[in-house]
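Asker: Got a predicted structure here, sequence first:
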Amino acid sequence: MSRRRLLFMSCIGLALVGGITLSQPVPTESATLQSLLSEVRQLRQALQMTTVVAQRTQVTLYRLQIQGQAVARATQRLDDVRSKIGDAEFAKKRLVGLVEDMENLQSHTEDPRERINRELDLRREKKELEWRSSAEQQLRTTESEALAQVQAEQAKLSELQDGLDRLDKSLENVSQTRNSDLSANK
């Protein structure tokens, strides 16, 4: 081939290639900017959602911590009351035994003066026994109240834990949906 012919064919080839290239849709600058703007908006929404979720999680964890402390205080109060009840029961049993012994001793006492002294001691011990019985009954009432308080605080704690579990499930679902969307876009 001659040089002229080769040059002519090259020009035609370049013209064809140029025509093919020009006929293909070329993304304009505007479309690219719109695409980038859309992606920035999506990223901003994702960041805002992440911030809200993080704040809600922190608030829930804080409330969970505070409620755990409330349960611990209520449980400690209940334990203290139960300990006092145990002490009161022991003291009452000791007094019941003492009163029985004093009654037995009084019934066997012949001396009238000694009998009067023992009668006074016996009355004093019976009054002490009545007072201890009354105090024990008050402690049992306090125990019932403390137990109800523990149960109420534990119910609140369980409710918060359930809320945290629901939040965790929700985050897991969002994460799976996002991962599916990202995989589909690739």
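Answerer: Thanks, I have it. Numbers count the residues shown, from 1 in each chain.

Asker: Next, the contact list for A152, please.
Answerer: A74 (C-beta atoms under 8 Å, 6 or more residues apart in numbering). C-beta: built from backbone N, CA, C; applies to glycine.

Asker: Distance check, it against V53.
Answerer: In this view, A152 and V53 are 29 Å apart by C-beta to C-beta, to the nearest Å.

Asker: again, but for A72
Answerer: Between A72 and V53 the computed distance is 28 Å (C-beta to C-beta).

Asker: same deal with D79?
Answerer: Distance of D79 to V53, computed by C-beta to C-beta: 38 Å.

Asker: Could you do L157 as well?
Answerer: L157 is 22 Å from V53, by C-beta to C-beta.

Asker: So these two - more neighbours on which side?
Answerer: The neighbour count for L157 versus V53, taken as other C-beta atoms under 10 Å, is higher for L157 (18 against 14).

Asker: How far off centre is the host helix or strand of the more buried one?
Answerer: Counting by DSSP states H and E, the element that carries L157 is helix 112-185. Distance of helix 112-185 from its chain centroid, counting by C-alpha atoms, centre = their mean, to the nearest Å, is 17 Å.

Asker: what mean pLDDT would you report for that helix?
Answerer: Helix 112-185 shows a mean pLDDT of 89.

Asker: ok now the lengthiest helix in the chain, how far from the chain's centre?
Answerer: Ranked by residue count and defined by DSSP state H, the top helix of the chain is helix 29-107. Centroid displacement of helix 29-107 relative to its chain, using C-alpha atoms, centre = their mean, is 7 Å.

Asker: That one to helix 112-185, inter-axis angle?
Answerer: Here helix 29-107 points in a direction 170 degrees away from that of helix 112-185 (axes from the mean of the first three to the mean of the last three C-alpha atoms, to 10 degrees).
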